[in-house]
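Colleague: Mind looking at a prediction? Sequence and model below.
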Amino acid sequence: MAEGLGTIAKAKGIRYFLISYVDLFGATRAKLVPAAAIETMQRNGAGFAGFATHLDMTPADADTLAIPDAGCLIQLPWKREVAWVPGDLVMAGKDVEQTPRTVLKRQIEKAAKAGYRMKTGVECEFIMLAAGQHAISDPADTAAKPCYDQLALMRRYDVIAEICDAMLELGWNPYQNDHEDANGQFEMNWEYDDALVTADRHVFFKFMVKSIAEKHGLRATFMPKPFLSLTGSGCHAHVSVWDAKGKRNLFEDAKGELGLSALAYRFLGGVLHHAPGLTALFNPTVNSYKRINAPVTTSGATWAPNTITYGGNNRTHMVRIPEPGRFELRLADGAVNPYLLQAGLLAAGLDGIAQKRDPGRRLDVNMYTDGHTVKGAKRLPLNLLDSLRAFERNDGLRASLGPAFSDAYLKLRHAEWNAYARHLTQWELDNTLDC
């Protein structure tokens, strides 16, 4: 049985708890609960009106109750009197099946039954803006190739160091921070872990980065492509599958091509096979497709894929194999829902293992310059509507992720696309007003 949150509050000096969940659009929702009431909430859950968030519910539905997962509690390093704890949603005594965290937990259960345990790490890129402005926060950060810029990194030392110190305090084992390829863009890396742990930390990381940036008078954004001329913000995922006890990496094989096992290549085959549909989850906004189908940026490269291919240590492909025992998926962007990133990967990979899917041959070419010479290379969807239609057509992926989730997600994302399509842009006025 989980330790009582009231006891934890007394031991750690916690005055308030943020009982939190993530909806289908990746928005983090929470109730702020005083420590005096937390044990009741731990038993019964914190109540939310599901219709008020992106969960595909109606005003007539009963309350959704977020049951805090006490074992995943994180005390805020920058405000230690507050603790964040992810919640699992139930309604009328049953799990809310379309909730992203529940979708991921279902995939983890399927993997466990097959004797597998997926471990992942994520590379979260973000851009630091001036508060209240659509502008880079550092006016001196103007280099055409700003990646790893030491001076630009150190001008944001106070913010980056505070975030990194927080991760050190939390035991995440962060190991490097850098200025990325766009002006004002940063990436911070921490150690890989089980898929659910990584997803929870990914959710908290975004909250933490935004909160600490605000504390310093700045605004952090994970928007995929806030500036058309600059490199977009990705969320690369490093993936491996271990035995049920998490002791042996089943992807590693010294005799396998590039150090990957047959199991790894089947898992990879599943990811490649389902990539068009997965794009609806991994690149979930209208803006996402300005990153993965982008023209060359001022730095000289977009660093984002546009075809469904894989290679060795080659960053022009959707999947890169940087070293034995793991691969890197470079498709997802900063807007990805952390739980759906992990759930989609695991669902596709498990299918690849079950169906013995062949990823085909590795391509050792620069896809940015020579991609046109590769026969049969499938391109990624060009926009959100194309990706939603690909997800709709993928009966196997939708069934694996669950009809409750799949139907709700498609309904809400189609509504979002339709809202976008009803928007009249300046480009249309400039180019077709006199047609």
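Modeller: On my side now, so go ahead. Numbers count the residues shown, from 1 in each chain.
Colleague: got the contact list for the closest residue to Pro34 other than its chain neighbours?
Modeller: Counting by C-beta to C-beta, 6 or more residues apart in numbering, Tyr16 is the residue found nearest to Pro34 once chain neighbours are left out, at 5.8 Å. (Each C-beta comes from the backbone N, C-alpha and C, glycine too.) Counting by C-beta atoms under 8 Å, 6 or more residues apart in numbering, Tyr16 makes contact with Leu32, Val33, Pro34, Ala35, Glu81, Val82, Ala83.
Colleague: how far away is the fourth one from Lys10?
Modeller: In this case it means Ala35. Remark: distance between Ala35 and Lys10 (C-beta to C-beta, to the nearest Å) = 8 Å.
Colleague: same question, the third one
Modeller: Distance, Pro34 to Lys10, by C-beta to C-beta: 13 Å.
Colleague: Same check on the fifth one?
Modeller: Note on Glu81: its distance to Lys10, by C-beta to C-beta, is 13 Å.
Colleague: do the second one as well
Modeller: To Lys10, Val33 is 15 Å away according to C-beta to C-beta.
Colleague: So between the two, which is more surrounded?
Modeller: Higher neighbour count among Val33 and Lys10: Val33, with 20 against 11, using other C-beta atoms under 10 Å.
Colleague: Check for me that that one belongs to a strand.
Modeller: Yes - read with DSSP: H, G, I helix; E, B strand; the rest coil, Val33 is one of the residues of a strand.
Colleague: Apart from its chain neighbours, what residue comes closest to it?
Modeller: Leaving out its chain neighbours, the residue that sits closest to Val33 by C-beta to C-beta, 6+ apart is Phe17, at 4.7 Å.
Colleague: for Val96, same thing?
Modeller: Leu89 (4.0 Å).
Colleague: Can you give the distance of the strand or helix carrying that neighbour from its chain's centre?
Modeller: Per DSSP states H and E: Leu89 is located in strand 82-91. How far strand 82-91 lies from its chain's middle: 19 Å, per C-alpha atoms, centre = their mean, to the nearest Å.
Colleague: Who does it pair with, and is each partner parallel or antiparallel?
Modeller: Strand 82-91 has the following sheet partners, assigned by DSSP bridges: strand 16-22 (parallel), strand 64-68 (antiparallel), strand 74-75 (antiparallel), strand 94-95 (antiparallel).
Colleague: In it, which residues are buried?
Modeller: Buried residues in strand 82-91, defined by neighbour count with 16 or more other C-beta atoms under 10 Å: Ala83, Trp84, Val85, Pro86, Gly87, Asp88, Leu89, Val90, Met91.
Colleague: again with stretch 321-336
Modeller: Within stretch 321-336, the residues scored as buried using 16+ other C-beta under 10 Å are 321, 324-336.
Colleague: Stretch 253-266 too?
Modeller: For stretch 253-266, by 16+ other C-beta under 10 Å, it's Asp253, Gly256, Leu258, Gly259, Leu260, Ser261, Leu263, Ala264, Tyr265, Arg266.
Colleague: Identify the residues contacting that stretch?
Modeller: Defining contact as C-beta under 8 Å, 6+ apart, one finds that stretch 253-266 is touched by 240-241, 250-252, 268, 312, 321, 323-325, 327, 352-353, 355-359, 362.
Colleague: let's see 10 Å
Modeller: When contacts are defined by C-beta atoms under 10 Å, 6 or more residues apart in numbering, stretch 253-266 is touched by residues 116, 239-241, 249-252, 267-268, 310-313, 321-327, 349-362.
Colleague: Among these, which ones are in helices?
Modeller: Taking DSSP state H as the definition of helices, those contribute Phe267, Leu268, Gly349, Leu350, Asp351, Gly352, Ile353, Ala354, Gln355.
Colleague: contacting residues around the last one?
Modeller: This means Gln355. Arg266, Gly269, Gly270, His273, Gly396.
Colleague: Determine the number of other residues adjacent to the second one.
Modeller: Other residues near Gly269 number 22, with proximity taken as other C-beta under 10 Å.
Colleague: That one is in contact with Ile353, isn't it?
Modeller: Yes - applying C-beta atoms under 10 Å, one finds Gly269 in contact with Ile353, separated by 8.7 Å.
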